[in-house]
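**Student:** attaching a predicted model along with its sequence, questions to come.
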Amino acid sequence: MLETLLDDGWAYHDTESERLAGELEAAALPAPPALWRRFLDLSNHTIGEHLGDWPRARRLADRLLAGQTPDAATAGAWAKLAAARFLAGDAVGALVAETEGVRAAADAKDALIDSRIAVASALIGSKRVGEGAAVYQAVLDLAESAGGRASDRAVAVASNNLASELVEQAGRSPDEDRLMRRAAAAGLSFWRRCGTWVNEERALYLMALVANAVCEPKEALGHIEASLGLIAANGEEPIDVTFLTLAKANALAGLGDAEGHRQALAAADADAAAWDEPGLKAWYAGERARIRLL
């Protein structure tokens with residue numbers, strides 16, 4: 001039952017966060033060790049980031065791992081425990097949890113990356129973007145040299161989250177623009193190391209959004225075509241195609257191609273008009289409101 005909750009909870013973690021928080025707290029514990037990391041991924045994100053209640057997230061993390069000792073297979077859960085403690089204001093407890101996880105891990109360097117990226121992700125997800133970016137940049141050089149390790153996915157997710165936060169931020173400084181571009185590029189690089197073709201094509205979409213945001217429409221079109229090429233070669237992602245077409249309309253507007261812009265925008269609008277999911281339609285409306293118009 002717990003595994004089902006962890007699978008299904010992501011579908012409503014953002015719209016019914018309090019419901020899911022209660023379900024996680026009521027879940028029968030102790031949980032199997034194989035589920036510890038997944039449990040804390042979901043509980044930290046839902047309770048800490050969405051509900052903004054890190055002390056509550058920390059209490060649940062402490063409860064889950066109370067009396068347990070990490071080993072090579074479960075050390076990643078202690079990275080999430082460290083993040084929950086740090087965001088709840090317990091820096092000493094966070095260092096203790098991080099050290100315990102690093103000591104038990106098969107690769108101490110990889111475990112350190114995982115722990116610090118977990119903190120960066122939690123800060124970014126809590127809208128403490130400046131602090132999260134500082135932690136992220138401090139550890140990214142180390143992660144980029146680690147090569148094919150277990151922390152790659154955590155770095156990919158953190159990179160995507162940071163670039164996504166910055167691309168939506170108005171009034172970025174030149175330093176923030178550089179950080180945004182670096183984070184998007186790192187996301188693409190790390191997804192290529194550890195992810196699927198879908199992860200890669202969505203990272204390319206984010207690269208296109210970033211390029212449009214810094215007024216590089218030719219670069220954006222290159223990323224869009226590469227993403228569409230991956231979809232054509234591997235399967236169907238119609239919703240992704242719609243958002244890529246909207247990004248293409250934005251890039252064509254940046255190039256002054258009025259007819260191309262009109263056609264791409266009309267195609268994206270026609271696709272979105274057929275959707276019946278309110279959240280998806282709202283997401284499209286938000287993205288459309290940000291594009292250039294000719």
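**Tutor:** Good, I have the coordinates. Numbers count the residues shown, from 1 in each chain.
**Student:** okay, now the unreliable bits of the stretch 51-200 of the chain?
**Tutor:** 146-148 (pLDDT under 70).
**Student:** give me that answer again for 50
**Tutor:** Judged against pLDDT under 50, the stretch 51-200 of the chain has no low-scoring part.
**Student:** immediately after the helix ranked longest in the chain, which helix or strand?
**Tutor:** Across the chain, the longest stretch assigned as helix under DSSP state H is helix 174-194. Downstream of helix 174-194, the next assigned helix or strand under DSSP states H and E is helix 197-213.
**Student:** which secondary structure elements does that next one contact?
**Tutor:** Packing partners of helix 197-213 (3 or more CB pairs under 8 Å, 6 or more residues apart in numbering; DSSP states H and E): helix 152-167, helix 174-194, helix 217-234, helix 238-254. From N, CA and C alone the C-beta is placed, and that goes for glycine too.
**Student:** which strands or helices does the longest helix of the chain pack on?
**Tutor:** Looks like helix 174-194 contacts helix 129-144, helix 152-167, helix 197-213 (3+ CB pairs under 8 Å, 6+ apart).
**Student:** which stretch among those comes nearest residue 98?
**Tutor:** Of all the helices and strands packed on helix 174-194, helix 129-144 sits nearest to residue 98, with 12.2 Å by CB to CB.
**Student:** just checking, what packs against that closest one?
**Tutor:** helix 108-125, helix 152-167, helix 174-194.
**Student:** again, only this time at 6 Å
**Tutor:** Packing partners of helix 129-144 (3 or more CB pairs under 6 Å, 6 or more residues apart in numbering; DSSP states H and E): helix 108-125, helix 152-167.
**Student:** ok, and what's touching it?
**Tutor:** The contact list for helix 129-144, computed with CB atoms under 6 Å, 6 or more residues apart in numbering, reads 113, 116, 119-120, 123-124, 155, 162, 165, 179.
**Student:** before we move on, what about stretch 72-92?
**Tutor:** 33, 36-37, 40, 44, 48, 54-55, 57-58, 61, 65, 70, 93-94, 97-98, 100-101, 104-106, 111, 114-115, 118-119, 122.
**Student:** can you say which of these are buried?
**Tutor:** Neighbour-count burial (16 or more other CB atoms under 10 Å) is assigned, among the contacts of stretch 72-92, to 36-37, 40, 44, 48, 54, 57-58, 61, 65, 70, 93-94, 97-98, 100-101, 104-105, 111, 114-115, 118-119, 122.
**Student:** show me the residues you listed that map onto helices.
**Tutor:** Using DSSP H, those in helices are 36-37, 40, 54, 57-58, 61, 65, 93-94, 97-98, 100-101, 104, 111, 114-115, 118-119, 122.
**Student:** now the helices and strands packed on helix 129-144 in TSV, with distance to residue 187?
**Tutor:** Listed next are the helices and strands packed on helix 129-144 as TSV, based on distance: least, CB to CB, whole Å:
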stretch	distance to residue 187
helix 108-125	12
helix 152-167	4
